[in-house]
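Asks: Give me the fold of what follows.
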Amino acid sequence: MPWKITKEDIRFISLGARILSCGGGGNTRSIEALILSVMKDDDVIEVIPIHEVKDDWWVTAIGIMGSTVLFNEDLPTGEEVETALSLYEKEYNKNVDALISIEIGGVNALAPLLLALKRHLPVIDGDGMGRAFPELYMTTLHLNGIPLAPLSLVTQENMKFIPSSYTSDQAVDEAKSFAKNNGGHSHLVGYGASGDEIKTSMLSGTLYLAYRLGKIIASYGDGMTRLRQIMNAFENSIYGELSFVIKGYVTEVSRWFENEGIVGKLFIESYTKQHNQKIEIQFMNEFFFIHNGENIYRVPDLIVFLHIDSLEPISVVDIQKAQSVIVLVIPAPNILHTTDMLTLIHMKESYQLLKKEEDQ
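Replies: Presented below is the predicted three-dimensional model:
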């Protein structure tokens, strides 16, 4: 049945979305503060589970694309995403019945909540990535043939509508160019489809999972109790069973900008004398590769860094030398491991190599 997001719940979703962001996706605190500034104490946002989405609804994905660093330096007013929806509905001559997040990792978990609050629309419990990915087309919506265009893009000063005549590749190129030339980021409304199409293309239950994870982190239980609760939350979801990789401290961090992204690597040494004494982790906007001498973990599975005491998630931007951390890996939903999806996120060859190494 539908559930309601209250003002208190926004903080929990913000925290949980940072876990599912795998170190990327942007800092959710800014958009969290924006929502709280316009949300009244008795306001609620209705969330619709997948089995209650009506076939004849028109659903659009909501998100923020471009540099999340620049987004936090040039905070939105809150009007941009509403303007983007109005532009979409006017130019496409279609009324939107419900919203869904383009990705559940980071700020995009909260973007549809802001719009839902302003336009009194329901939000579907799910998203198009199940984590954070760096590119607009790396979605299960795209994988299942839902076109990105028509697409509306809005910044504080400019707007652009990309019609349905554009292919998804053309729409991505136009959107990236628009964002780059307008402050480095943009609010977007796109991937429109019927409720029937969305239900067969989305990853379900991810918004509620973000809420559950955030509530666990924000609770007052001891660290081990909360870690077990986090493990429990993933076991009762579309994700696989959580694995504990290492508990230790960061000995080295190298980070630089490449192709408009944050790229680098780091090393962690364990506090114990067990087999995982030292690991290497590479990142490219998100944590994407772990090698510990025995096992290899990589995208699309979720690599998560938590503060050793608070258990709050740590991003690739914030990770520092000498930090004490816990590293977890959560197997991604099955659809992200299919050949077509691995090809879409440029991980097919790496995944095949990994499977070969595991079989030897």
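
Asks: where's stretch 94-108 relative to the chain centroid, distance-wise?
Replies: Distance of stretch 94-108 from its chain centroid, counting by CA atoms, centre = their mean, to the nearest Å, is 11 Å.

Asks: Now do that stretch, average pLDDT.
Replies: The average pLDDT within stretch 94-108 is 97.

Asks: and if you look at stretch 270-281?
Replies: The average pLDDT within stretch 270-281 is 80.

Asks: same check, this time on stretch 10-19
Replies: Computed over stretch 10-19, the average pLDDT equals 98.

Asks: What segments of the protein are helices?
Replies: Here the chain has its helices, by DSSP state H, at 7-20, 29-38, 68-73, 80-92, 111-119, 140-143, 168-180, 195-199, 206-218, 223-235, 339-344, 348-359.

Asks: Report the buried residues of the first one.
Replies: By that I understand helix 7-20. Within helix 7-20, the residues that count as buried by 16 or more other CB atoms under 10 Å are 7, 9-20. To be clear about C-beta, it is placed using only N, CA and C from the backbone, and glycine gets the same treatment.

Asks: follow-up on the earlier one: as CSV, the helices of the chain with distance to Ile48 would be great.
Replies: Shown next, in CSV, are those (distance: least, CB to CB, whole Å):
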stretch, distance to Ile48
helix 7-20, 16
helix 29-38, 19
helix 68-73, 27
helix 80-92, 17
helix 111-119, 11
helix 140-143, 17
helix 168-180, 26
helix 195-199, 9
helix 206-218, 10
helix 223-235, 21
helix 339-344, 25
helix 348-359, 33
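
Asks: Which of those helices has the lowest mean pLDDT?
Replies: Confidence, taken as mean pLDDT, is least for helix 348-359 of these (a mean of 43).

Asks: Excluding covalently adjacent residues, which one is nearest to Pro333?
Replies: Of all residues not flanking Pro333 in the chain, Ile238 sits nearest, at 4.5 Å (CB to CB, 6 or more residues apart in numbering).

Asks: For that neighbour, grab phi and psi.
Replies: With angles defined as degrees, to the nearest 10, Ile238 sits at phi -80, psi 0.

Asks: residue contacts, it?
Replies: Gly130, Leu203, Ser204, Gly205, Thr206, Pro333, Asn334 (CB atoms under 8 Å, 6 or more residues apart in numbering).
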